[in-house]
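Trainee: Below are the sequence and a predicted model; questions follow.
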Amino acid sequence: MDSDFNTTDRTAREFQGKTGKQKFRLPFRQYFAERSIKSVLFASGILSIFVTVGIVVILLWESSRFFGFEDVTLVKFLTDTQWTPLFADKHFGILPLLVGTLMVAIIALIVALPLGLLSAIYLSEYAPKRIRSILKPILEILAGIPTVVYGYFALVTVTPFLQKVIPGLGVFNALSAGLVMGIMILPMVSSLSEDAIRVVPTSLRHASFGLGATKFETTTRVVVPASLSGIVSAFILAASRAIGETMIVTIAAGMNPTLTFSPLRSIETMTAYIVQVSLGDTPVGTLEYQSLFAVGMALFIMTLFFNIISNLIVKKYREVYQ
Amino acid sequence: MSREVYSQRDREALYPGKPTESLREMNPTIQRSHRWGEVFKWISIGAAATGVIILAVLMIDIFKDGVPRLDWEFMQEYPSRNPEDAGIKSALYGSIWVIVFTTIFALPLGIAAAFYLEEFAPQNRLTEIININIANLAAVPSIVYGILGLALFVRFFALGRSVLAGAMTMALLILPIIIISSREAIRGVPSSLREASMGLGATKWQTVWHHVLPQAFPGIMTGTILALSRAIGETAPLIMIGALTFVPYVPGNIETLHDILADPMALITFAPLDGFTVLPIQIFNWVSRPENEFHMAAAAAIVVLLVILLSMNALAVILRYRFEQKGPQSR
């Protein structure tokens, strides 16, 4: 049975002698076992594709039902400046949610990008080994703190503090949520940028020193530009993370979808709206319920866009050193 | 060779009559750039210290609010309308149920996918798509996984708002993280080990099962523990699939060892389909209330959550440390 089982399959072929003269074939039972195990592993690998397909199909299907309702059109969804799904006079314009989301994210990035990049520079260029070995785990702990805890911190600690500095600041505001979100994404910016900076070969630094540059000049004019693609892609990933973050904004930024550009006001982000709907008793299949999926779709498209851009930047502009 | 670029004689020619120590001190331009360098260094130190300081403030703040409220009764009480009586029993049990089932689903799938991609996958277009896809999935916001879980597990598979639906959603959420970290661990196993095993006539799978997996296992476990600690702290997707905020029971009403012995089948039949809540959702519920007493309860629950997370982190660090100490056995 074994002898006439002939195949050119990769699994079996690997056991042929290199010269090809001497052939070792697996007994059929063993060959069968190898193949089936490989199939099982392949199935697990391909599962991730099904997850993505599942997300896309569900979002498309359920949003299409949302846009199937009367008075709801894609144009209105993108241009209307009011978001009032729970009122009698319903408006579904995503702009207030979008502006709220972007405002919080921008505040977060203003905090996280400089701090993250500078700590990455410190960790990779200046820090002695011992301090590095203490700082890195601390940043990892900061990255591992659940977002609901950051939400508590924003509402119970940061907002009262800000209220002392800025009189008249409401309990829910975009500023506090944005600042705390900046702290949340700081470890991510720092560790991804540090990875990018560390790849820059030491020979480049030595060449710069050899030309008489100081450490500062070497860092800012040689090392950082050389790792710029990695740093920028880290920034973009951080932005995507900030847009998709849910609990901090739900707890600290409020649930008040108004179109405002003031960070001192209460706003609502896309993610907070999704939570608000799923917390309430909205019956399945109603307009309000379906709006959740339309907002989810917008969120998914935005984060996917950012992730793809980040990947492209790394792929296209990365300097390759041997 | 001396470090100085100029010789002593050159220096005297350049700056006659001046007793000099180093070029750096003489040239104002160089002096200035060195001073800027110092300033920049201290700004960087300040930036790196910010994270540490904020972590300290956050921890002190929460422990100060939470620890006085924390006692044995707090762990043993169900949530209540009265903040003084409220406890985290149902949330604690719910978190344990969800995390156990998440591990059961995600761990084998994650390791299998990692082994496929590292050891078996041919270099073709499909493999490339899977790789890009996994990287993208790791960056999808967690609330989108909640939407997926709601539509797929709660409604399509009609699992309802159950432990099982929650755990499956969480498993999909942490799967990319487990795959990515497991692949790294597998890549760390030296290829000489594989070659030796194959050279002795072992098949690919025998090599993977008997040699690569045991070597990579500590690394895989480190990654898995970190992924699970992410799942324990995750709130948004479970709110989406409808983990309730007020749950005065534990899944399957299984509270003690006695309950398990009385009806062991309930562990896999009834309990996984029961409603549940988890620690982060209980915290969210208490934070959203205006009363200060509930905020205290939230802080106490956060202390419990952080203690669980920090001990998991410590476990992961210990595992990694031991692994690094021992190193790959064959060199």
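Mentor: That came in fine, so what should we check first? Residues are numbered from 1 along each chain as shown, chains lettered A, B, ... in the order given.
Trainee: contacts, neighbours, all on C-alpha from now
Mentor: Noted.
Trainee: ok, whichever residue of the stretch 151-300 of chain B sits closest to chain A - contacts?
Mentor: Nearest residue of the stretch 151-300 of chain B to chain A: B:Gly233, at 4.7 Å (C-alpha to the nearest C-alpha). Going by C-alpha atoms under 8 Å, 6 or more residues apart in numbering or on different chains, B:Gly233 touches A:Ile145, A:Pro146, A:Thr147, A:Val148, B:Leu279, B:Pro280, B:Leu305.
Trainee: Need the max-distance pair from these.
Mentor: Largest separation among these by C-alpha to C-alpha: A:Ile145 and B:Leu279, giving 13.5 Å.
Trainee: out of the two, which sits in the busier spot?
Mentor: It is B:Leu279, of A:Ile145 and B:Leu279, that has more neighbours when counted by other C-alpha atoms under 10 Å in any protein chain shown, with 27 against 20.
Trainee: The closest residue to that one other than its chain neighbours: which element?
Mentor: Nearest-residue entry for B:Leu279: B:Ala91, 4.7 Å, with adjacent residues in sequence omitted and distances by C-alpha to C-alpha, 6 or more residues apart in numbering or on different chains. Secondary structure from DSSP states H and E places B:Ala91 in helix B:89-115.
Trainee: Give the other helices and strands that that helix contacts.
Mentor: Contacts defined by 3 or more C-alpha pairs under 8 Å, 6 or more residues apart in numbering or on different chains; DSSP states H and E place helix B:89-115 against helix A:28-67, helix B:72-76, helix B:163-187, helix B:213-233, helix B:279-287.
Trainee: so after that helix, what's the next helix or strand?
Mentor: The C-terminal neighbour of helix B:89-115 among helices and strands, as given by DSSP H and E, is helix B:125-138.
Trainee: So if we follow the domain assignment, how does chain B break up?
Mentor: For chain B, the domain assignment from automatic domain parsing gives the residue ranges B:21-66, B:70-326.
Trainee: and of those domains, who's closest to A:Ile274?
Mentor: Of all these, domain B:70-326 sits nearest to A:Ile274, with 8.0 Å by C-alpha to C-alpha.
Trainee: The closest one - what's its average pLDDT?
Mentor: Across domain B:70-326, pLDDT averages out at 87.
Trainee: just the helices in the stretch 201-331 of chain B please.
Mentor: B:204-207, B:213-233, B:236-240, B:257-262, B:279-287, B:292-326 (DSSP state H, counting those that start in this stretch).
Trainee: Surely B:Thr103 and B:Ser229 touch.
Mentor: No: in this structure B:Thr103 lies outside contact range of B:Ser229 using C-alpha atoms under 8 Å: 11.0 Å.
Trainee: what would the helices of the stretch 201-331 of chain B look like in JSON lines with distance to A:Thr157?
Mentor: Shown next, in JSON lines, are the helices of the stretch 201-331 of chain B (distance: least, C-alpha to C-alpha, whole Å):
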{"stretch": "helix B:204-207", "distance to A:Thr157": "55"}
{"stretch": "helix B:213-233", "distance to A:Thr157": "20"}
{"stretch": "helix B:236-240", "distance to A:Thr157": "22"}
{"stretch": "helix B:257-262", "distance to A:Thr157": "41"}
{"stretch": "helix B:279-287", "distance to A:Thr157": "12"}
{"stretch": "helix B:292-326", "distance to A:Thr157": "11"}
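Trainee: Give me whichever of those is most buried.
Mentor: helix B:236-240 (a mean of 28; mean count of other C-alpha atoms under 10 Å in any protein chain shown).
Trainee: Figure out how far stretch A:205-225 is from the centre of its chain.
Mentor: 32 Å (C-alpha atoms, centre = their mean, to the nearest Å).
Trainee: Kindly report the same for stretch A:156-167.
Mentor: 29 Å.
Trainee: Neighbours of the nearest residue to A:Ile308 once chain neighbours are set aside, how many?
Mentor: Using C-alpha to C-alpha, 6+ apart and skipping the chain neighbours, the partner closest in space to A:Ile308 is B:Asn136 (7.9 Å). Neighbour count for B:Asn136, taken as other C-alpha under 10 Å: 17.
Trainee: go on, A:Ala196?
Mentor: Using other C-alpha under 10 Å, A:Ala196 has 24 neighbouring residues.
Trainee: ok, it to B:Leu238 distance?
Mentor: Distance from A:Ala196 to B:Leu238, counting by C-alpha to C-alpha, to the nearest Å: 34 Å.
Trainee: can I get the helices and strands packed on helix B:89-115 in TSV with distance to B:Asp61?
Mentor: Listed next are those as TSV, based on distance: least, C-alpha to C-alpha, whole Å:
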stretch	distance to B:Asp61
helix A:28-67	39
helix B:72-76	20
helix B:163-187	30
helix B:213-233	19
helix B:279-287	15
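Trainee: for the ones you listed, which one sits closest to B:Arg320?
Mentor: B:Arg320 lies closest, by C-alpha to C-alpha, to one member of the helices and strands packed on helix B:89-115: helix B:213-233, at 6.4 Å.
Trainee: Show me what from the stretch 201-331 of chain B comes close to chain A.
Mentor: Taking C-alpha under 8 Å from any C-alpha of the partner chain as the contact definition, the stretch 201-331 of chain B meets chain A at B:201, B:203-205, B:229-230, B:233-236, B:239-240, B:242, B:280, B:283-284, B:287-288, B:295, B:302, B:306, B:309-310, B:313.
Trainee: Can you give me the distance of the spatially most central residue of chain A to chain B?
Mentor: Geometric centre of chain A, nearest residue: A:Arg241, 3.4 Å, by C-alpha atoms, centre = their mean. Distance, A:Arg241 to chain B, by C-alpha to the nearest C-alpha, to the nearest Å: 7 Å.
Trainee: who's in contact with the residue nearest to A:Ile308?
Mentor: A:Leu304, A:Asn307, A:Ile308.
Trainee: could you redo the last one with a cut-off of 10 Å?
Mentor: Residues counted as contacts of B:Asn136 (C-alpha atoms under 10 Å, 6 or more residues apart in numbering or on different chains) are A:Thr52, A:Thr303, A:Leu304, A:Asn307, A:Ile308, A:Asn311, B:Ile130, B:Pro176.
Trainee: Which of those sits closest to B:Leu107?
Mentor: Comparing these against B:Leu107 with C-alpha to C-alpha places B:Pro176 closest, at 10.9 Å.
Trainee: neighbours of the closest one, just the number please.
Mentor: Other residues within reach of B:Pro176, judged by other C-alpha under 10 Å, total 24.
Trainee: again with the one 4 residues further on
Mentor: Residues near B:Ile180, counting by other C-alpha under 10 Å, number 20.
Trainee: Let me see the contact set for the residue lying closest to it once chain neighbours are set aside.
Mentor: Nearest residue to B:Ile180, sequence neighbours excluded (C-alpha to C-alpha, 6+ apart): B:Ala114, at 7.3 Å. The contact partners of B:Ala114, taken as C-alpha under 10 Å, 6+ apart, are A:41-42, A:44-45, B:108, B:120-121, B:176, B:178-187, B:220.
Trainee: Just the buried residues of those residues.
Mentor: Listed as buried from the contacts of B:Ala114 are A:41-42, A:44-45, B:120-121, B:176, B:178-187, B:220; burial here means 16 or more other C-alpha atoms under 10 Å in any protein chain shown.
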